[in-house]
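Novice: fold the stuff below for me.
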Amino acid sequence: MLIQSTIFYRPDWKWHNFLKYVINNLSKYNCLEKIIPTEYSYKDSTYGSKKSKKNVNLSTWGVTHKKRIKLARAVCINSPNYSVLNFLIIPNTLYNVPFFGVDFVSLPNSHLLVLDFQPSLKLENQFSNKLLEQLIKLKTRCHSSLPLAEKMSGDVARFFSPGLIWSKLPKEESSDFLIANQLYTSFTEYLSLYLEILFESQEANLGVQKDLINGQNNYLKYRRDNDPARPMLSSLFGKEFTESLIKEVLFTT
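Specialist: Numbers count the residues shown, from 1 in each chain. As a prediction, this is how the structure comes out:
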């Protein structure tokens, strides 16, 4: 099923504008749609007690690029209690470019918002001073409106850059306004900057390419082993499907 024909392209899904921006912008770079196995490309399910069953929809969309992008994929979830956009760009290891990571999660009582250029190498080996300055400027502008969430633990923080946007908002009307305006603006700025850098990068030397392969594999293994969405996904879709989704689609090497 084409994601454009699902609820994830309609205004009643919170992140529809973000997803449309992703798909429209990647199409400008002649990306090729990735064939996602049927069981992950679209799934309807139910969760909750027998007396209070709720419907949940999941869709996975992805593209590749012949030289620049190994995989760019979005996982979308819609239900009465949860609304999720998880998006990751895994660049080709020919280029010394970080991941682009998005995790926008609406829980029953709050929104958790993560947006970043996520390093696959040590920061000083992957980010120029100019790029860090650009990111921190964009982050500062975003967090002038969005509150900054509590500090992450060191084990998790090593996978994020100083440009990390990280916020936790209560589920209320003022938060909806911030998401539709400030967060959306920051998201478009981050993605546009990322794609500009990715498609203008020169090939790295062979030594750096080997380091990039190792760095990406380490990141993806960490995410497979420690994905914080695992309990939520298991409660919605069951443990077997969740483990398969995480290992075969979300963070595959």
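Novice: what segments of this structure are strands?
Specialist: Remark: strands assigned in the chain by DSSP state E are 32-33, 42-47, 54-64, 69-78, 83-91, 99-106, 110-118, 165-170.
Novice: just the buried residues of the fifth one, please?
Specialist: By neighbour count, with 16 or more other Cβ atoms under 10 Å as the criterion, the buried positions of strand 83-91 are 83-91. From N, CA and C alone the C-beta is placed, and that goes for glycine too.
Novice: for the residue nearest to residue 194 when sequence neighbours are not counted, list the residues it contacts.
Specialist: Distances taken as Cβ to Cβ, 6 or more residues apart in numbering place residue 100 nearest to residue 194, at 4.7 Å, with adjacent residues excluded. With contact set as Cβ atoms under 8 Å, 6 or more residues apart in numbering, residue 100 has these partners: 72, 87-89, 116-118, 190-191, 194.
Novice: neighbour-wise, which of these leads?
Specialist: Highest neighbour count within the contacts of residue 100: residue 89, with 27 neighbours (other Cβ atoms under 10 Å).
Novice: give me the beta-bridge partners of it?
Specialist: Beta-bridge pairing for residue 89 (DSSP bridges): residue 72, residue 100.
Novice: what lies in contact with stretch 137-149?
Specialist: 112-113, 162-169, 178, 182-183, 185-186, 189-190, 193.
Novice: restricting to C-alpha, output stretch 131-144 in PDB.
Specialist: The C-alpha trace of stretch 131-144 is given here as PDB (Å, rounded to 0.1, in the frame of the first residue of the first chain):
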ATOM      1  CA  LEU A 131      28.600  22.900  10.700                       C
ATOM      2  CA  LEU A 132      28.600  22.900  14.500                       C
ATOM      3  CA  GLU A 133      28.000  26.700  14.500                       C
ATOM      4  CA  GLN A 134      25.200  26.400  12.000                       C
ATOM      5  CA  LEU A 135      23.500  23.600  14.000                       C
ATOM      6  CA  ILE A 136      23.900  25.400  17.400                       C
ATOM      7  CA  LYS A 137      22.400  28.500  15.900                       C
ATOM      8  CA  LEU A 138      19.400  26.600  14.600                       C
ATOM      9  CA  LYS A 139      19.100  24.700  17.900                       C
ATOM     10  CA  THR A 140      19.200  27.900  20.000                       C
ATOM     11  CA  ARG A 141      16.500  29.500  17.900                       C
ATOM     12  CA  CYS A 142      14.300  26.400  18.300                       C
ATOM     13  CA  HIS A 143      14.800  26.100  22.000                       C
ATOM     14  CA  SER A 144      13.900  29.800  22.500                       C
END
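Novice: where in this protein is pLDDT low?
Specialist: In the predicted model of the chain, residues 1, 253 satisfy pLDDT under 70.
Novice: how about the helices in this protein?
Specialist: Listed in chain order, the helices found in the chain under DSSP state H are 16-27, 38-41, 123-126, 129-143, 154-157, 173-178, 184-200, 206-226, 230-237, 239-245.
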